[in-house]
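# Below are the sequence and a predicted model; questions follow.
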Amino acid sequence: MKAYPFFCAALVAAMMPAMALADDPRDPTMRSAAARARDSETTRQLNLAAGALVRERDARQMQRMQGWHDAQGDDGYAAAAQDYAARSQDYTARSQDHERDMSDYARNRARYERDMAAWRHTVAACRDGDYAACDE
């Protein structure tokens, strides 16, 4: 029982160098662009593989759930699937509205910035003695 804390401390001490170098920006093996590109591609491939596994797991789970609901004579699953589809369409519509609103905002903001720059230019010209600019 007394050796357990020492074992844990030794395990943590052994793992520290590996954990410390996991994302070290000064890692000598990641200095070249090619090494960083390889690392990025490896990470991307691992993420794609994990995503495929999750999609397969979810598909199997949905099949099991459908089979269970069919065996129970329960049509609640179909209603839930329709509800999910409706919510998904609603989300898509709201997302598109948001994107449109953000592009409108960016366009309006750019116009505002142009108008303010023109106004500042006019005020500066007026202050510098161009009295024709003061009438605008």
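Now that the structure is in, tell me what you want to look at. Numbers count the residues shown, from 1 in each chain.
# And the helices in the protein, which stretches?
3-20, 33-72, 76-127 (DSSP state H).
# quick check: angle from the second one to helix 76-127?
Our comparison of helix 33-72 with helix 76-127, counting by axes from the mean of the first three to the mean of the last three CA atoms, to 10 degrees, yields an angle of 140 degrees.
# ok, and for helix 33-72, which residues are buried?
Of all the residues in helix 33-72, those buried under the rule 16 or more other CB atoms under 10 Å are His69. Yep, even glycine has a C-beta here, placed from its N, CA and C like the rest.
# Which elements pack onto it?
When contacts are defined as 3 or more CB pairs under 8 Å, 6 or more residues apart in numbering; DSSP states H and E, helix 33-72 packs onto helix 76-127.
# How far off centre is the helix it packs on?
18 Å (CA atoms, centre = their mean, to the nearest Å).
# do the same with stretch 56-64
Mean-position distance between stretch 56-64 and its chain equals 25 Å (CA atoms, centre = their mean).
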